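>>> Below are the sequence and a predicted model; questions follow.
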Amino acid sequence: MYYLSFRAKRSVLLPFSMSAMGIIWTFGTMRLLGYSLTIVNIITPAMVLNLGSSYAIHVISEYFAGHEIGRGVIASTRKILRTILFACLTTVIGFLSLLTSKTGALKEFGISVAIGITYCAILAATYLPAVLSLVRKPKVHHIKTYRRGYLASIVNGINVLVGRYWMVFVVLWFIIIAGFGLTRDKISVNTNYMSYLPKRDPFTISSRHFARTMSGNTPYYITIDAPSGATSFFLEPGNLAQVYAFEEKVKKENNDIRQSLSFASYVAFANEVYSNERSIPSSKGLLNLLSRMVLLLSKQGKQDLESVISSDGNTLTIILQNYDSIEGEFGTIGSAERIEDTILDNLQLLPGGTIVTLDGEPHRALHFSNALLHDQQMSIYFSFIFVFLVVLIAFRSFSLSCYALIPVLTGVMANYVIMFALNIPFDLITVSFGAVSVGVGIDYAIHFLLRYRNKIDKTQKQDTAILLKETISETGRPIILTTLSIVAGMLMFLFASYAPVRIFGILMSTALLNCMLATLFIMPSMIRAVSILKERGLRRRFS
């Protein structure tokens, strides 16, 4: 990608060597911080390589552009330095927003990538100009490729489209907003790692067979404690009968529950063998005898039996074996939600004053999915707020800061629509795409708006359409090249064996493409639309 854009070996070797040093330094820092490679931060080196190399593109592009007008390497780097600084700062903010997560792995991932990107930005501002000052100057065909290559033709086409159809792009943005509003709360969450493994993998096949045979492999636990001050509470026939009625009602109403194990069902089964009646016997002595038998068996290694009733008879545990009857899977969030809803709907059947505690892998997965959604929302909110503040400080203009948010808003909102359309769920890895997209996507807007504002300050032209056309011509090439290089790197995740990593690569690629397209099409169109509205307002005021 780099070589095709510049036709120069330095455009390939320098970004690669810079990113390699950044990755090495990142691994060293992770070691010093005591971080280990996990299922989440295993993609840290790839992220540093993809995102860190983008700073090299800005420096090299400015280097070639400056050489044509006789500007030196240091002067060219100084011109682009502010863009690199704010691009690095906003990207780091996007990753550090993951510190709001309740999941430690996401925090480590955010810190590791933020450190690596910072290293790459420092190298881009120091290492690259130092090496470029030592190598031979660009040849004529290098400059010709830079000025008249395929990217230059694409940028010219963008200028034509924005000039003619800017109203269409404004309408398109509002359509994306509407699509986001309709889909934002309809994205599912998946915390079952088994669902991502290849279906033909021997481990997956054996695990599914075991789960079907055993009616699930992640039991749901319902622990019921007696009221305070009670003694041998569940050895009273009336109280145990209520628990048994509750258990049977839950099993009857929920098809996901395949079988259960509890002291109440054990007593009912024993009574059926003895009297041919499946119910709780009225004899308190029989209950005492059965409870002692359960405790005796537990001492012989039957751990499940030990867990169903405490030695004092004041705590019972109901173990529910479950398997998703709708999706034909085990450990799904949908099944956990249905089971928990059924349990909560029938709590009134239990004896008064009892305390119910829910536990087990399905219950924890359900609450972990809620935590993931919370992490995703908080990280996006924080990244938007801090990025907006940084841009506001950089531009000292509220209107330009609002314009800068258009590309990242578009990237995130469009991805929600795509996830809904393709039924892509949030998981431990993909949940971070929003905050990362904000931090990375804002770079394009900053580059564009910095050049646009400089033109407003330095030229006498006040025609917004002309200023936007010139800005697109100057910034379109590095923005497109940066995006394509990062997307090409992200698409390498498609070769990963673990599905969440592949999906993360797809989501990041589409988000960054959307951010780039919004920067070059939607944001200039919105600037022009607002400018026209302002002009009409002034005419009405003075007419």
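On my side now, so go ahead.

>>> pLDDT (mean, whole number) over stretch 407-419?
On average, the pLDDT along stretch 407-419 is 90.

>>> Let's see that stretch as CSV, backbone CA atoms only.
What follows is stretch 407-419, C-alpha atoms only, in CSV (Å, rounded to 0.1, in the frame of the first residue of the first chain):
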residue,chain,number,x,y,z
PRO,A,407,-16.9,11.6,11.4
VAL,A,408,-16.6,9.6,14.6
LEU,A,409,-20.3,9.8,15.3
THR,A,410,-20.9,8.5,11.8
GLY,A,411,-18.4,5.6,12.2
VAL,A,412,-19.9,4.4,15.5
MET,A,413,-23.5,4.9,14.5
ALA,A,414,-23.1,3.1,11.1
ASN,A,415,-21.4,0.2,12.8
TYR,A,416,-24.4,-0.3,15.1
VAL,A,417,-26.6,-0.6,12.0
ILE,A,418,-24.2,-3.0,10.5
MET,A,419,-24.0,-5.1,13.7
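
>>> Residues touching it, excluding its own?
Contacting residues not belonging to stretch 407-419 are listed as 173, 176-177, 179-180, 183-184, 187, 380, 384, 387, 424-426, 433-434, 437-438, 441-442, 444-445, 507, 510-512, 514-519, 522-523 [Cβ atoms under 8 Å, 6 or more residues apart in numbering]. The C-beta positions use only the backbone N, C-alpha and C, and glycine is treated the same way.

>>> how much distance is there from that stretch to the middle of the chain?
Taking Cα atoms, centre = their mean, to the nearest Å, one finds stretch 407-419 lying 12 Å from the centre of the chain it belongs to.

>>> any chance you could map the strands in the stretch 301-450 of the chain?
315-322, 355-360 (DSSP state E, counting those that start in this stretch).

>>> Quick one: closest of those to Tyr63.
Closest to Tyr63 of those is strand 355-360 (Cβ to Cβ; 60.1 Å).

>>> now that closest one: how far from the chain's centre is it?
Remark: strand 355-360 is offset 30 Å from the chain centroid, using Cα atoms, centre = their mean.

>>> how about Ser509, what does it touch?
Taking Cβ under 8 Å, 6+ apart, one finds 487, 490-491 in contact with Ser509.

>>> tell me which element it falls in.
helix 499-517 (DSSP states H and E).

>>> helices or strands next to the following helix or strand past that helix in the packing?
Going down the chain from helix 499-517, the next helix or strand is helix 523-542, by DSSP H and E. The contact analysis (3 or more Cβ pairs under 8 Å, 6 or more residues apart in numbering; DSSP states H and E) places helix 523-542 against helix 150-183, helix 398-422, helix 433-458, helix 464-490.

>>> so what's Pro237 up against?
Here Pro237 is in contact with 280-284, 287 (Cβ under 8 Å, 6+ apart).

>>> buried set for the helix holding Ser509?
Residues of helix 499-517 classed as buried: 499-517 (neighbour count, 16 or more other Cβ atoms under 10 Å).

>>> Which among the contacts of Ser509 count as buried?
In the contacts of Ser509, the ones that pass as buried (16+ other Cβ under 10 Å) are 487, 490.

>>> Out of the contacts of Ser509, flag the one nearest to Met47.
Comparing the contacts of Ser509 against Met47 with Cβ to Cβ places Met490 closest, at 8.7 Å.

>>> how about that closest one, what does it touch?
Contacts for Met490 (Cβ under 8 Å, 6+ apart) come out as 50, 505, 508-509, 512.
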